[in-house]
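Colleague: give the three-dimensional model of this entry:
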Amino acid sequence: MDSPSRRSTLTIALCFIVALIEGFDLQAAGTAAAGLRQSFALDPKMLGWVFSVGIIGLLPGAFFGGWVADRIGRKKILVIAVLLFGLFSLCTAFVESYSSLLLVRFLTGLGLGAALPNLIALCAEAVSERSRGTAISVMYCGVPLGGALAAVVAMFSSEHWQTTFIIGGLAPLLAVPLMILLLPESNAFRQQLDNTLSARPSTRQALFGEGRAGTTLALWLSYFFTLTVMYMLLNWLPSLLLEQGFSKPQAGMVQMLFNIGGALGSLLGGVLLDRCNALRVVLFVYAGLLAALAGVGLSVGIVPMAIAGFAAGLFVMAAQLVLYASAPPSYPTAVRATGVGAAVAIGRLGSVAGPLAAGQLLAAGAGTTGVLLATSPGLAIAALAIITVMVRKAPLNLSTPEAAGHTKA
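Modeller: As a prediction, this is how the structure comes out:
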C-alpha cells in the first residue's frame, strides 16, 4: 500500500508533467504562427481567429471540466482532457482547410481548459493545508517551462511548423497510459463520494450556497483582472517594446526574461503563501506587479527594461499562483472542482479581454504608458478582492499561531 507522502509526490510529479505538456500546447499556435500564416494564406485577422478560437475553447472546457469532475472524479476527467487536447493538437498538423484548422484549435482549447482545474484540485487535495500553495506552485511552473520548450522546438523546426503540433500531440497521448496506471485519484474526493448520501448540490448552490456568494464573486474579480494583465503582456509586450524604440532582438530578450521570471514567480507565489502571512504576500505581489508595469512603461535603456520585464513576469505569475492556491480551500470537496473551474473560466474571459483592450487603446493613440496605466485600477480591484477572500477564511489562512491552534482544535 502506498504511503501518503509517496502518493502526494507521485500526484504532483505527474501533474507537473501534464502542466508542462499543457504549457507547450498553449504556446504552440503562437510559436508556429509564421508557418500557419504561409500554409493557409492567412491575413492578420484570420490568424487572430486561429489564436482566439483556442482561447474561446478554454472557457467551457474549464467550467464543465470542473463540474463533471465533482461527479465522476478528477483523475477520469484529467485523462479525458489530456486525450482530447493531444488528439486535436496532432490533428492540427494534418488539416488542410482554414475551417478545419479553427475546429481543431477550438477542440484543443476545450481539452486544455478542462485539464487545469483538475490539476489544481488534485494537487490541492494531495497535500496538507500548509503545503497546498507549494504543491500547486511546483505543478504550475510546468506551464511556462512548457511554453519555453515550444519556443525552442519552433526555433529548430522553423521550416516545418507541423513538428510543433506533432510533438504537442504525441506527448499527451504517451502520457495518458502513464496517468491511468500511476496517477492516484484524490483521497478527499473518494471519501466525500463514499459519504455523500443526499442529492448533489446544484451548480448555483455549489458556487453561491452556504454563504459562498461573496467569496465566489471576489475570486472571479481577482481571476478576471489578473489574467487580463497577464495575457495582455504575453501578447503585446514585444509590440509595446518596439513602439518604445527597442530593436527586435532586444524585444525578444525581454520577452525571454519575462518568461524566465514567470517560471520563478510560479514557484515563489505558492511557497511564500505557505510560509508567510497571506495578506502581506498579496500586498507584496500586487505592489510588485504595479511597480514592474511602471518600469516597463518608463524605462528608456535596455538594462532597466530587461529588469522590468523580468520583474513583470515574476510578479504576474506569482499573483496568478496566489489565486490558484486560494480557490481550492474556498470550496468543500464535493464542489471544489466546480468552484475552481468556474474561477478559471472567468479568468479565461480576462485572457480574451486583455489583448483586445490593449489593441483598442493602442489604436486610440494611448501609447505604451497609457495601456499600462489603464491596467492599474483592475489590479487594485484584484488585490482587494482576493484579500476579502482571505479575510473571510480567517484565521485559518493568515499563518498566525492562533490559526494553527484553531486548526488543531
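Colleague: next, count neighbours for residue 30.
Modeller: 18 (other CB atoms under 10 Å). In short, each C-beta sits where N, CA and C put it, glycine included.
Colleague: from what I can see it touches residue 51, true?
Modeller: Yes. Look at residue 30 against residue 51 with CB atoms under 8 Å: they come within range, at 6.9 Å.
Colleague: what's the burial count for the residue nearest to residue 347 when sequence neighbours are not counted?
Modeller: Spatial nearest neighbour of residue 347, chain neighbours left out: residue 223 (3.6 Å); criterion: CB to CB, 6 or more residues apart in numbering. Counted with other CB under 10 Å, residues neighbouring residue 223 total 28.
Colleague: so what's residue 223 up against?
Modeller: 323, 343, 344, 346, 347, 350 (CB atoms under 8 Å, 6 or more residues apart in numbering).
Colleague: what about it, which helix or strand?
Modeller: helix 213-243 (DSSP states H and E).
Colleague: now do the buried residues in stretch 24-43.
Modeller: The neighbour-count check on stretch 24-43 (16 or more other CB atoms under 10 Å) flags 24-33, 35-37, 40, 42 as buried.
Colleague: what is the subsequent helix or strand relative to the helix holding residue 223?
Modeller: helix 248-275.
Colleague: quick one, that following helix and helix 213-243 angle?
Modeller: Orientation check (axes from the mean of the first three to the mean of the last three CA atoms, to 10 degrees): helix 248-275 against helix 213-243 gives 160 degrees.
Colleague: residues making contact with the helix or strand just after helix 248-275?
Modeller: Once helix 248-275 ends, the next helix or strand along the chain (criterion: DSSP H and E) is helix 278-298. By CB under 8 Å, 6+ apart, the surrounding residues in contact with helix 278-298 are 229, 237, 240, 269, 272-273, 304-305, 307-309, 311-312, 314-316, 318-319, 322, 368-369, 372-373, 375-376, 379-380, 382-383, 386-387, 390-391, 397-399.
Colleague: domain map for this structure?
Modeller: Following the assignment in automatic domain parsing, the chain carries domains at 1-188, 202-409.
Colleague: dump those domains into a markdown table; add mean pLDDT as well.
Modeller: Below are the domains of the chain laid out as a markdown table (pLDDT from 0 to 100):
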| stretch | mean pLDDT |
| --- | --- |
| domain 1-188 | 89 |
| domain 202-409 | 83 |
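Colleague: surely residue 274 meets residue 131?
Modeller: Yes. With contact defined as CB under 8 Å, residue 274 counts as touching residue 131 (6.2 Å).
Colleague: so between the two, which is more surrounded?
Modeller: Using other CB under 10 Å as the criterion, residue 274 and residue 131 rank with residue 274 on top: 22 against 18.
Colleague: quick one, what contacts the more buried one?
Modeller: 130, 131, 132, 133, 134.
Colleague: also residue 256?
Modeller: Taking CB under 8 Å, 6+ apart, one finds nothing in contact with residue 256.
Colleague: can we start the residue count at 571 from this point?
Modeller: With 571 as the first residue, the last one maps to residue 826.
Colleague: any idea how far residue 679 is from it?
Modeller: Using CB to CB, to the nearest Å, residue 826 is found at 25 Å from residue 679.
Colleague: try residue 586
Modeller: 22 Å.
Colleague: who has more neighbours out of these two?
Modeller: Taking neighbours as other CB under 10 Å, residue 586 and residue 679 compare with residue 679 leading, 28 against 21.
Colleague: from memory residue 711 sits against residue 838, does it?
Modeller: No. Judged on CB under 8 Å, residue 711 makes no contact with residue 838 at a distance of 9.6 Å.
Colleague: who has more neighbours, the two?
Modeller: More crowded of residue 711 and residue 838, by other CB under 10 Å: residue 711, with 25 against 21.
Colleague: most neighbours, which of the contacts of residue 844?
Modeller: residue 703 (28 neighbours).
Colleague: so what does the helix or strand residue 640 falls within touch, helix or strand wise?
Modeller: If you go by DSSP H and E, residue 640 is part of helix 614-642. Under the contact criterion of 3 or more CB pairs under 8 Å, 6 or more residues apart in numbering; DSSP states H and E, helix 614-642 touches helix 574-601, helix 603-610, helix 644-662, helix 668-696, helix 906-933.
Colleague: would you mark the buried spots in it?
Modeller: Quick answer for helix 614-642 (16+ other CB under 10 Å): 617, 620-640.
Colleague: over to stretch 926-939?
Modeller: In stretch 926-939, counting by 16+ other CB under 10 Å, buried: 927, 928, 929, 931, 932, 938.
Colleague: cool, stretch 858-865 as well?
Modeller: Result for stretch 858-865 [16+ other CB under 10 Å]: buried residues 858, 859, 860, 862, 863, 864, 865.
Colleague: save these as a markdown table, and put in distance to residue 723 too.
Modeller: Formatted as a markdown table, these follow (distance: CB to CB, whole Å):
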| residue | distance to residue 723 |
| --- | --- |
| 858 | 32 |
| 859 | 30 |
| 860 | 34 |
| 862 | 29 |
| 863 | 30 |
| 864 | 34 |
| 865 | 31 |
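Colleague: what's the closest of those to residue 694?
Modeller: Of all those, residue 694 sits closest to residue 859, with 23.6 Å by CB to CB.
Colleague: between the helix holding residue 640 and helix 668-696, how big is the angle?
Modeller: Going by the same axes, to 10 degrees, helix 614-642 makes 40 degrees with helix 668-696.
Colleague: got a list of what the nearest residue to residue 609 once chain neighbours are set aside touches?
Modeller: Leaving aside its chain neighbours, residue 609 sits nearest to residue 731 (7.0 Å; criterion: CB to CB, 6+ apart). Each residue near residue 731 by CB under 8 Å, 6+ apart is listed here: 602, 604, 605, 606, 609, 724.
Colleague: do residue 649 as well
Modeller: Here residue 649 is in contact with 746, 749, 750, 753 (CB under 8 Å, 6+ apart).
Colleague: and the closest residue to the third one other than its chain neighbours, how far from residue 588?
Modeller: This means residue 750. Excluding the flanking residues, the one nearest residue 750 by CB to CB, 6+ apart is residue 649, at 6.2 Å. According to CB to CB, residue 649 and residue 588 sit 10 Å apart.
Colleague: overlap in contacts of those two?
Modeller: residue 749.
Colleague: show me the strands in the stretch 871-979 of the chain, by range?
Modeller: Assigned by DSSP state E, counting those that start in this stretch, the stretch 871-979 of the chain shows no strands.
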